[in-house]
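Participant: I'll drop the sequence and a predicted model, then ask my questions.
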Amino acid sequence: MEKHVYFVRHGESDSNVDRILRGPHSKLTEAGREQAKVVAERIARVNVDVIISSPLKRARDTADVIAAKTRVPIEESDLFAEYERPSITLGKSEHDSEVAELRKLVYEGHLVQNFRHSDEENFEDIKTRGLAALHLLAAYPKERICVVSHGFFMRALLGLILLGDGFTGREFQRMYHHVRTNNVGLTYAKYSENIWKLITWNDQSHLG
């Protein structure tokens, strides 16, 4: 069965605005809810069969808005949650000097096999989860799927769609620096005959 998968990054969150690292507790702003309504209108036009959402509040609330418009069911999957940062950073600003130094260390660790600073997901974790997420979508019994996820993890999925098991920490670093994922950006991919094909990335034309 050919699959049509529409990946949506969640709407604007409070952490996107003030850069405080709230992790799973980050929630949509009013602007983010309005963005979700706009992308919901677009998803409604492609007749998806199901919405698969990250369970994190900002993603699930975006999925709820899409579901209200499309009238299709939502399933939650931890496979599409955001990358887990070191818990020591939670509640702190991205601009905090200690946070910046820690992020640099974790970023450089992507090049070191099985490197882990503390309790964060390392590159091997992210790659394993990303491959499992793509396998879930490939095996899913519906043809047209909307996935609501997160910017960092969606860049990992992009690398895996393009490079498969050959995706490395070096490419992941490049994705982090050179690939943009905007709030409610829409990415469309097809799967057929055991091959993923990227059709569009981070399309925001629905925002005008």
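Facilitator: That came through, no problem.
Participant: Name the SS class of residue 7, please.
Facilitator: Following DSSP: H, G, I helix; E, B strand; the rest coil, the label given to residue 7 is strand.
Participant: quick one, phi/psi of the closest residue to it other than its chain neighbours?
Facilitator: With C-beta to C-beta, 6 or more residues apart in numbering as the criterion, residue 7 has its nearest non-adjacent residue at 4.1 Å, and that residue is residue 187. For the C-beta atoms, the positions are set from N, CA and C on the backbone; glycine is no exception. Phi and psi for residue 187, reported as degrees, to the nearest 10, are phi -120, psi 130.
Participant: What pLDDT does the model give residue 176?
Facilitator: On pLDDT, residue 176 comes in at 88.
Participant: okay, which residue is most central for the chain?
Facilitator: residue 150 (2.7 Å; C-alpha atoms, centre = their mean).
Participant: which residues in the protein form helices?
Facilitator: Counting by DSSP state H, residue ranges of the helices within the chain are 14-18, 30-44, 57-70, 97-109, 123-139, 151-163, 169-178.
Participant: Can you give me the neighbour number for residue 166?
Facilitator: Per other C-beta atoms under 10 Å, the neighbour tally for residue 166 reads 9.
Participant: distance of it from residue 129?
Facilitator: Separation of residue 166 from residue 129 (C-beta to C-beta, to the nearest Å): 17 Å.
Participant: next one: residue 111
Facilitator: From residue 111 over to residue 129 (counting by C-beta to C-beta), the distance is 19 Å.
Participant: So for these two, which residue has more residues nearby?
Facilitator: Using other C-beta under 10 Å, the more surrounded residue of residue 111 and residue 129 is residue 129, with 21 against 13.
Participant: dump the residue contacts of residue 118.
Facilitator: Listed by C-beta atoms under 8 Å, 6 or more residues apart in numbering, the contact partners of residue 118 are 86-88.
Participant: packing partners for the lengthiest strand in the chain?
Facilitator: What stands out as the longest strand in the chain, according to DSSP state E, is strand 195-203. The contact analysis (3 or more C-beta pairs under 8 Å, 6 or more residues apart in numbering; DSSP states H and E) places strand 195-203 against helix 151-163, strand 186-192.
Participant: right, so of those, which gets closest to residue 49?
Facilitator: Shortest distance between residue 49 and those, using C-beta to C-beta, is found for strand 186-192: 14.3 Å.
Participant: Out of the helices of the chain, flag the one nearest residue 77.
Facilitator: Nearest to residue 77, of all those, is helix 123-139, at 6.8 Å by C-beta to C-beta.
Participant: angle of that closest one against helix 97-109?
Facilitator: Computed by axes from the mean of the first three to the mean of the last three C-alpha atoms, to 10 degrees, the angle separating helix 123-139 from helix 97-109 equals 70 degrees.
Participant: can you list contacts of helix 123-139?
Facilitator: When contacts are defined by C-beta under 8 Å, 6+ apart, helix 123-139 is touched by residues 3, 5, 52, 77, 79-80, 83, 109-110, 113-115, 121, 145, 147, 153, 156-157, 159-161, 165, 167, 169, 172, 191, 194, 196.
Participant: Now the buried members of those residues.
Facilitator: Buried residues within the contacts of helix 123-139, counting neighbours by 16 or more other C-beta atoms under 10 Å: 3, 5, 52, 77, 79-80, 83, 109-110, 121, 145, 147, 153, 156-157, 159-161, 167, 169, 172, 191, 196.
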